[in-house]
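# Got a predicted structure here, sequence first:
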Amino acid sequence: MLSSAQPAFILHSRAYRESSALVDFLTPQGRLRAVLRGARGKAGTLARPFVPVEVEFRGRGELKNVGRLDSAGIPCWLLGDALFSGLYLNELLIRLLPAEDPHPILFEHYSATLAALAAGRPLEPLLRAFEWRLLDELGYGFALAEDLSGQPIAPDGLYRLQPDAGLEPVAQLQPGLFHGAELLAMADADWSAPGALAAAKRLMRQALAPHLGGRPLVSRELFMTLKEPPRD
């Protein structure tokens, strides 16, 4: 069965058998895995991350075949930290997004995020916004402006995250907590507020950790390795 053409991005590809590639696509209909035949030829030049394509899939099973693959726009050229950020987003989607689970809004947000990364916009707000959208789309989101009981977050309060549930007020200072003012700044996407970006990074790591199954993210480890100063 050949599907109608749909927009897509390549999340990851690897060699498969003699001249084919096994490719993970992000489409409005979700994450799809398919075999791309003749990947060493013209089709292979399109099987790269961050290139908008139009693709037709053949087959009914979970592993499909690419019937047609064409360019569908200008590639997002990512360099340096923006490249690692894009690889990080791709790995999150591969690890967390169920196969063939439609998320058209997430697809549009991913496309817009790639364009913003390519345009050189500040990385951290873009990454935090995408992580939040991904969690929300998967049903793991939680309120930032109110606690577990529905009470408004107090600017001078202390809170801890209960994964998949929300923010719980605590009375005493302990590791891993969040100040209410930081949470309210996150809710308003006010990244000029002191400590808001750093707190958002900690919060998203805590929120994502249970869904990553304890396995480290390869893109994050690679980024940290390359950022280490050279040893004498």
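That came in fine, so what should we check first?

# Quick check: beta-bridge partners of the closest residue to Q206 other than its chain neighbours?
With sequence-adjacent residues excluded and distances taken as Cβ to Cβ, 6 or more residues apart in numbering, Q206 is closest to L161, at 5.0 Å. Glycine gets a C-beta too; all of them are placed from N, C-alpha and C. Going by DSSP bridges, L161 is paired in beta bridges with L167.

# quick one: L161 and L173, what's the gap?
16 Å (Cβ to Cβ, to the nearest Å).

# Give me the more crowded residue out of these two.
A side-by-side neighbour count of L161 and L173, using other Cβ atoms under 10 Å, places L161 first with 20 against 7.

# The more buried one: what's it in contact with?
Contact analysis of L161 by Cβ atoms under 8 Å, 6 or more residues apart in numbering lists F142, L167, E168, F178, L203, Q206, A207.

# Now for the protein, the helix or strand with the poorest mean pLDDT.
Lowest on mean pLDDT, DSSP states H and E among the helices and strands of the chain sits helix 42-46, with a mean of 55.

# what's the following helix or strand after that one?
strand 52-58 (DSSP states H and E).

# Quick check: buried residues in that following strand?
For strand 52-58, the neighbour count (16 or more other Cβ atoms under 10 Å) marks P52, V53, E54, V55, E56, F57 as buried.

# what mean pLDDT does that strand have?
With pLDDT averaged residue by residue, strand 52-58 scores 92.

# Might you list the low-confidence residue ranges for the chain?
Counting by pLDDT under 70, the chain shows low-confidence ranges at 1-3, 39-47, 222-232.

# biggest helix in it, by residue count?
helix 80-96 (DSSP state H).
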